[in-house]
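> no FASTA, just this:
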């Protein structure tokens, strides 16, 4: 699967080979924040039910699985310095060893250098407000950092959600493994984060969703099939669409039995059938199985076709690290960086509407989903949407 990733068919996050040089970014997040100031809490915690080998740790001391947890939340304190891209990048220093920062091994410090001073919105350790909000667990892509979509996570928090994320790591390695063991590991991380969410006083545990990009999508499907606490899924071009064989192999994951709503954003692959045959280097059976979206008949399904977006354009931080040359390699037709910015903003807007409709029972949000893109102000040639109610 790694070859497939590198060739751009499925840009499963950190597996993409990018020169270690500073890039000039064309990314801009065009959506305005919601009414809530946003706080960010970084929690260094361990899942002590699982072991994780840590380089440099004493051999006689078993190490629990480190889960660097990021929490974006509505705050009642709008004062303070907002997080910058550089502040987020520095978090990768301590993903595995909380007590031993690894600046030299953190490629993000270099790849995002040109954007280091760019401010976002969250203020670290800002005071949470006194209300309770639905929770969204964010599952990142293959081997990626928890903040790969910090813009989206902050945006959702500003509209009244608590968003929680951790890095995508394999069972015993910092990098994810592209197999069932890796998927199961991330699914357990999602369950761990939901359990952590229940310890917070600002979370309404009756309304839990999981949002994801790429490889995180298939992990979120596995998690939802096993965890009744999950009430909705948001998938930004999730891998369950491309690797139905891995879903089939799980044995206990049955899309045809899922009763929760799913919104799925597809990227544009002009030569998908040809490219997947050329570049897929995993077992062929991973590609063969019932189509997950076609099988999703017991829960509402919203399919949003992002006509001009490539797979990698669904991550704000991956966009920031791309030079114009790198952007051109993954570019769809003549849709340029400005079009990609528009597409990302509309994906965020529709993700929010979906969560508002299904977690907050907001009738106006549901009406937004049911309306045509043109009626919602979406420019021509940007997207198409289909809402298929459950049987």
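Nice, I can see it. Just so we're clear, the structure is a prediction, and the values are computed from it rather than from any experiment. Numbering: from 1, shown residues only.
> sketch out the helices for the stretch 201-350 of the chain, chain order is fine.
Listed in chain order, the helices of the stretch 201-350 of the chain (DSSP state H, counting those that start in this stretch) span 215-226, 244-250, 272-279, 292-295, 316-320, 324-330, 337-358.
> next helix or strand past the longest one?
Beyond helix 337-358 on the C-terminal side, the first helix or strand identified by DSSP states H and E is helix 363-370.
> if we can go back for a sec, closest to residue 46 out of the helices of the stretch 201-350 of the chain?
Each of those has some distance to residue 46 by Cβ to Cβ; the shortest is helix 215-226, at 19.4 Å. Where C-beta positions appear, they are placed from N, C-alpha and C, glycine not excepted.
> the longest strand in this protein is where?
strand 38-51 (DSSP state E).
> quick one: low-confidence residue ranges for the chain.
1-24, 56-62, 273 (pLDDT under 70).
> ok, the closest residue to residue 387 other than its chain neighbours - contacts?
Excluding the flanking residues, the one nearest residue 387 by Cβ to Cβ, 6 or more residues apart in numbering is residue 302, at 5.1 Å. Shown in contact with residue 302 (Cβ atoms under 8 Å, 6 or more residues apart in numbering): 261, 262, 263, 264, 350, 354, 369, 385, 386, 387, 388.
> check residue 388 too.
Each residue near residue 388 by Cβ under 8 Å, 6+ apart is listed here: 300, 301, 302, 303.
> the longest strand of the chain: how far from the chain's middle?
Centre-to-centre, strand 38-51 and its host chain are 17 Å apart (Cα atoms, centre = their mean, to the nearest Å).
> that strand - contacts with which helices or strands?
strand 64-74, strand 119-124, helix 150-158, helix 180-197 (3 or more Cβ pairs under 8 Å, 6 or more residues apart in numbering; DSSP states H and E).
> of all the ones you listed, which one comes closest to residue 363?
Using Cβ to Cβ, the nearest of the helices and strands packed on strand 38-51 to residue 363 is helix 150-158, at 19.7 Å.
> show me the contact partners of whichever helix or strand comes after that closest one.
As assigned by DSSP H and E, the chain's next helix or strand after helix 150-158 is strand 162-165. Strand 162-165 is contacted from outside by 69-74, 133-140, 146-147, 153, 156-157, 193, 196-197, 200, 202-203, 211, using Cβ under 8 Å, 6+ apart.
> can you do 7 Å?
With Cβ atoms under 7 Å, 6 or more residues apart in numbering as the contact definition, strand 162-165 has outside contacts at 69-73, 133, 135-138, 140, 146, 153, 156-157, 193, 197, 200, 202-203.
> run the chain-centre distance for that strand.
Counting by Cα atoms, centre = their mean, strand 162-165 comes out at 11 Å from the chain centroid.
> direction included, what does it pair up with?
strand 64-74 (antiparallel), strand 133-139 (parallel) (DSSP bridges).
> any chance of those strands in JSON lines, plus distance to residue 296?
JSON lines is the format used below for the strands paired with strand 162-165 (distance: least, Cβ to Cβ, whole Å):
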{"stretch": "strand 64-74", "distance to residue 296": "28"}
{"stretch": "strand 133-139", "distance to residue 296": "18"}
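> deepest in the core, which of those strands is it.
strand 133-139 (a mean of 27; mean count of other Cβ atoms under 10 Å).
> angle of that strand against helix 150-158?
Counting by axes from the mean of the first three to the mean of the last three Cα atoms, to 10 degrees, strand 133-139 lies at 170 degrees to helix 150-158.
> who's in contact with stretch 193-200?
Residues beyond stretch 193-200 that count as contacts (Cβ under 7 Å, 6+ apart) turn out to be 69, 135, 137, 162, 164, 166, 203, 205, 208, 227, 229.
> wait, residue 115 sits on residue 85?
Yes: with contact defined as Cβ atoms under 7 Å, residue 115 reaches residue 85; the gap is 4.3 Å.
> quick check: neighbours shared by these two?
Residues touching both residue 115 and residue 85 (Cβ under 7 Å, 6+ apart): residue 320.
> next, the contact list for the residue most central in space within the chain, please.
Note on the chain: the residue nearest the mean C-alpha position is residue 212, at 3.2 Å, using Cα atoms, centre = their mean. By Cβ under 7 Å, 6+ apart, the residues touching residue 212 are 138, 139, 220, 235, 236, 238.
> got a list of what the residue nearest to residue 80 when sequence neighbours are not counted touches?
If the residues on either side of it in the chain are set aside, residue 80 comes closest to residue 123, at 3.8 Å by Cβ to Cβ, 6+ apart. Contacts for residue 123 (Cβ under 7 Å, 6+ apart) come out as 39, 40, 75, 80, 81, 82.
> what about the last one, neighbour count?
Which is residue 82. 17 (other Cβ atoms under 10 Å).
> quick check: phi and psi on it?
Backbone geometry at residue 82, expressed as degrees, to the nearest 10, gives phi -70, psi 150.
> ok, now which ones touch it?
Per Cβ under 7 Å, 6+ apart, neighbours of residue 82: 119, 120, 121, 122, 123.
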